[in-house]
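**Student:** structure for this input, please:
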Amino acid sequence: MFTKILIANRGEIAVRVARTARRMGIQTVAVFSDADRNAMHVAACDEAHYLGGAAPKDSYLRGDKVLEIAKRTGAQAVHPGYGFLSENVGFAQQCADAGIVFIGPPPAAIEAMGLKAESKRLMERASVPLVPGYHGADQNETLLAAEAKRIGFPVLIKASAGGGGKGMKVAENEGEFASALASAKREAKNSFGDDNVLIERYLQRPRHIEIQVFADELGHCVYLFERDCSLQRRHQKVMEEAPAPGITDARRRQMGEAAVAAAKAVSYVGAGTVEFIAEHDFATSGRFYFMEMNTRLQVEHPVTEMITGLDLVEWQLRVASGERLPKLQDELHINGHAFEARVYAENPRNQFLPATGLINLLRTPATSDVIRIDTGVREGDEISPNYDPMIAKLIVHGENREQALQRLALALDEYAVVGFTNNVEFLQRVARHPAFAAGDIDTGFIGRYAADLLPALPAPTDAALAACALVEWSAARDATQAATRRAGEPASPWALADAFWPNQPDNSIDFEYAQGESRYEVGIVNSGNGFMLSLPNSKPCAVARIDSERITLTLGEAQFTARVLCSGMHRVVLLAGARYEFEAVDRYAPPEADEGHGGHLTAPMPGSVVSVLVAVGDAVKKGQPLIIMEAMKMEHTIVAPLDGVVEAIYFAAKEQVKEGAELVALAAAADAVV
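**Tutor:** Prediction:
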């Protein structure tokens, strides 16, 4: 067994690998970029070494630098995690040439499965079922268009060298094909340095099912059952579960054996995932098709660990050191059900675009044998535009799917990230959606139930407003009393902090909150035995027990327990499974000027300009693409909100832009002067 390994990654996967290595008595070496000098994964390892600049190409993609550090520190092996160098055949070969073990499959297996088109041809020879499509090397655009027409629309265009939903576009009809192809090729080139694509039939209501496989150097290969990864946005997973809802033992065995055949076809060693796209009724009778093989550990591996009781990173380390698989197929069993919810810095109400910023406040549920949190960030850390926007993974286990889902919902109720938009509220709605609870899921689930999952931000209830105001009052009282004690004047009347104001005989204090254009006022009178509150919809008595952020209060006949989080003027209230967000209003602040942006289009996220599709003076139609942006390797198209004329363009291709930066100025068609 190794005595020291280098972890060539960052964030939660680096922390997770370090945790297992430490348990096994293996020393760990971390690497970090300029953006990660004080990152959680740096502290999690025994030593850490500088790689380079914040951009991945200057740091985590520098295979030469990683190997130089591995040699210098005496690391016997490199664990690549996922992403970055994990499926880089050149880096795997460089490790082998340097006499350092690459904790992953042999270079030949990575190469065989890395190019989707070539892997499809290999699977066809291995009798693994394939989706009808075109996987050829000829990338002539006329030929690709003809192949798409032959396959039949809608079609899915996919980067041949990629994964993670990048370089993947759907063309619903022949008219959309050219623009979808161009976009897929751009994303593929930016993400993988290779713009080759393949084309496949786009299944209606498909399910995304993957099989975890493991193989050793002695010829043993097993499958560790399936994961259902159908819940996706932007072709990227957001929640996974194991086992797949409704699957029969016979279908599980059939898919597992197909996955093992795929792994054996390329002489696979280590952890891998064979991904299938399946018809909605695949679990009992429908067909399933090979999609791709990820030659690494997957983000969602914890759900497999939860239902098998195994540590897959330990398996990776043992296999990479030449040991036999710890268990063979007849020794593997499923225990219960598990879910993984990915907590992202993103805006679900704005096409799930990624967000950046400081984690001002972070509150999570308590972990246990049935609740696990894998993360690489802490309160005060920054979510950088250079890396994936995932904050953490919340994993829960139950004796069955129903119990596991209930635990997931309750755990999400306790999860809060304050500082930027995130998807926790969205995940709460998914966990409590009746169709999801029934297991009626497919890759179109989010789009089909968007009205339920992405409603307008809920207006704060009287209970939420009361909880917020009381916690703020309590915090102000505590701060005043602490300041008085420090001043050494405990007898001062100001130490009472009882809301007494001259000429205000009822000892009341008022708070004002805002959500959009709506305003909410809360008045509090401290009566000595409790509080009298003036609320927007009622004036009940409230008796409260306040413990820092938590408060228990009685409004009328109902009792509530809430958690109130304050960051600057932003307020988040967690109450009875619901989440309310609004702003505190400073009544003494000067009014903000109304800038009236109208036809001024701003960047919805920080990123770079890929291309500018119009010029000053061009007449444009509503919905016409104007600028293509890229952030976190995903494209976003800025379109005209109205018919008009381009008055100004403020950025050129390849320039970096900040969120909110003005990109294009449009004059409405009726007002334009050409």
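**Student:** can you pull out the strands in the stretch 551-674 of the chain?
**Tutor:** 558-567, 570-575, 578-584, 600-602, 607-612, 619-620, 625-631, 634-639, 644-649, 656-657, 662-668 (DSSP state E, counting those that start in this stretch).
**Student:** indicate which one of those strands is closest to residue 511.
**Tutor:** strand 578-584 (7.1 Å; C-beta to C-beta). Quick note: C-beta positions are derived from backbone N, CA and C, even for glycine.
**Student:** can you give me the angle that closest one makes with strand 558-567?
**Tutor:** Relative orientation of strand 578-584 versus strand 558-567 (axes from the mean of the first three to the mean of the last three C-alpha atoms, to 10 degrees): 50 degrees.
**Student:** what mean pLDDT does the longest strand along the chain get?
**Tutor:** Criterion DSSP state E: the longest strand present in the chain is strand 221-233. Computed over strand 221-233, the mean pLDDT rounds to 97.
**Student:** the strands in the stretch 301-450 of the chain, which residues?
**Tutor:** Counting by DSSP E, counting those that start in this stretch, the segments of the stretch 301-450 of the chain that form strands are 337-344, 346-347, 353-354, 357-358, 361-363, 371-375, 382-383, 390-398, 416-418.
**Student:** excluding its backbone neighbours, what's nearest residue 239?
**Tutor:** Using C-beta to C-beta, 6 or more residues apart in numbering and skipping the chain neighbours, the partner closest in space to residue 239 is residue 231 (4.3 Å).
**Student:** neighbours of the one you found, how many?
**Tutor:** Residues contacting residue 231 under the criterion other C-beta atoms under 10 Å number 23.
**Student:** that one against residue 430, yeah?
**Tutor:** Yes - applying C-beta atoms under 8 Å as the test, residue 231 and residue 430 come out as touching, 6.8 Å apart.
**Student:** can you list residues touching both of the two?
**Tutor:** 238, 239, 436 (C-beta atoms under 8 Å, 6 or more residues apart in numbering).
**Student:** mind putting the residues you listed into a markdown table with distance to residue 8, neighbour count and pLDDT?
**Tutor:** A markdown table is the format used below for those (distance: C-beta to C-beta, whole Å; neighbours: other C-beta atoms under 10 Å; pLDDT from 0 to 100):
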| residue | distance to residue 8 | neighbour count | pLDDT |
| --- | --- | --- | --- |
| 238 | 26 | 23 | 96 |
| 239 | 28 | 28 | 98 |
| 436 | 36 | 21 | 98 |
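**Student:** ok so, going back, select, out of the strands of the stretch 301-450 of the chain, the one closest to residue 70.
**Tutor:** strand 371-375 (24.4 Å).
**Student:** what's the angle from the longest strand of the chain to strand 337-344?
**Tutor:** Going by the same axes, to 10 degrees, strand 221-233 makes 50 degrees with strand 337-344.
**Student:** what packs against strand 221-233?
**Tutor:** strand 207-215, strand 236-242, helix 249-265, helix 301-308, helix 445-448 (3 or more C-beta pairs under 8 Å, 6 or more residues apart in numbering; DSSP states H and E).
**Student:** work out the gap between the lengthiest helix in the chain and the centre of the chain.
**Tutor:** When the chain is parsed with DSSP state H, its longest helix is helix 462-487. Offset of helix 462-487 from its chain centre (C-alpha atoms, centre = their mean, to the nearest Å): 35 Å.
**Student:** give the buried residues for it.
**Tutor:** Of all the residues in helix 462-487, those buried under the rule 16 or more other C-beta atoms under 10 Å are 462-474, 477, 484.
**Student:** pull the residues that contact the helix or strand hosting residue 95.
**Tutor:** Secondary structure assignment for residue 95, by DSSP states H and E: helix 89-97. Here helix 89-97 makes contact (C-beta under 8 Å, 6+ apart) with 63-64, 66-67, 78, 80, 85, 101-102, 104-107, 110-111, 114.
**Student:** following element in sequence after it, please.
**Tutor:** Sequence order places strand 101-102 as the next helix or strand after helix 89-97, per DSSP H and E.
**Student:** picking that back up, mind checking which of the helices and strands packed on strand 221-233 is nearest residue 31?
**Tutor:** helix 301-308 (21.6 Å).
**Student:** which strands or helices does the closest one pack on?
**Tutor:** Counting contacts by 3+ C-beta pairs under 8 Å, 6+ apart, helix 301-308 packs against strand 221-233, strand 236-242, helix 312-320, strand 337-344, strand 371-375, strand 390-398.
**Student:** pairing partners for the shortest one, with directions?
**Tutor:** Based on DSSP bridges, the pairing partners of strand 371-375 within the sheet are strand 390-398 (antiparallel).
**Student:** let me know the average pLDDT across the strand it pairs with.
**Tutor:** Taken as a whole, strand 390-398 has a mean pLDDT of 97.
**Student:** same thing with stretch 453-462?
**Tutor:** pLDDT averaged over stretch 453-462 gives 94.
**Student:** ends of it, how far apart?
**Tutor:** 23 Å (C-alpha to C-alpha, to the nearest Å).
**Student:** and it, what's buried?
**Tutor:** Buried, per 16+ other C-beta under 10 Å, within stretch 453-462: 453, 454, 460, 461, 462.
**Student:** and the nearest residue to the last one once chain neighbours are set aside, what does it touch?
**Tutor:** Going back to what we said before, that points to residue 462. Leaving aside its chain neighbours, residue 462 sits nearest to residue 535 (4.3 Å; criterion: C-beta to C-beta, 6+ apart). Listed by C-beta under 8 Å, 6+ apart, the contact set of residue 535 reads 462, 465, 466, 522.
**Student:** with residue 656 instead?
**Tutor:** 606, 607, 608 are the contacts of residue 656 under C-beta under 8 Å, 6+ apart.
**Student:** among these, who's most crowded?
**Tutor:** Neighbour tally across these (other C-beta under 10 Å): the maximum, 23 neighbours, falls on residue 607.
**Student:** got a list of what that one touches?
**Tutor:** 385, 629, 630, 631, 632, 636, 656, 657.
**Student:** what's the closest non-adjacent residue to it?
**Tutor:** That would be residue 631: by C-beta to C-beta, 6+ apart, it lies 3.0 Å from residue 607.
**Student:** equivalent analysis for residue 51, please.
**Tutor:** residue 59 (4.0 Å).
**Student:** how many neighbours does the one you found have?
**Tutor:** 23.
**Student:** surely it touches residue 39?
**Tutor:** No - the criterion here is C-beta under 8 Å, and residue 59 misses it with residue 39 at 11.8 Å.
**Student:** circling back: next, the buried residues of the longest strand of the chain.
**Tutor:** Neighbour-count burial for strand 221-233 [16+ other C-beta under 10 Å]: 221-233.
**Student:** looking at those residues, which one is closest to residue 23?
**Tutor:** residue 224 (19.8 Å).
**Student:** tell me which residues touch that closest one, please.
**Tutor:** By C-beta under 8 Å, 6+ apart, the neighbours of residue 224 are 212, 213, 214, 304, 308, 310, 312, 332.
**Student:** now the third one: how far from residue 114?
**Tutor:** In this structure, residue 214 and residue 114 are 19 Å apart, going by C-beta to C-beta, to the nearest Å.
**Student:** ok, so of the contacts of residue 535, who is nearest residue 379?
**Tutor:** residue 465 (25.7 Å).
**Student:** quick check, pLDDT for the closest one.
**Tutor:** So, for residue 465, pLDDT stands at 94.
**Student:** hmm, it is touching residue 513, no?
**Tutor:** Yes - between residue 465 and residue 513 there is a contact under C-beta under 8 Å: 6.4 Å.
**Student:** pull up the overlap in contacts between the two.
**Tutor:** With C-beta under 8 Å, 6+ apart as the test, residue 465 and residue 513 both reach 520, 522.
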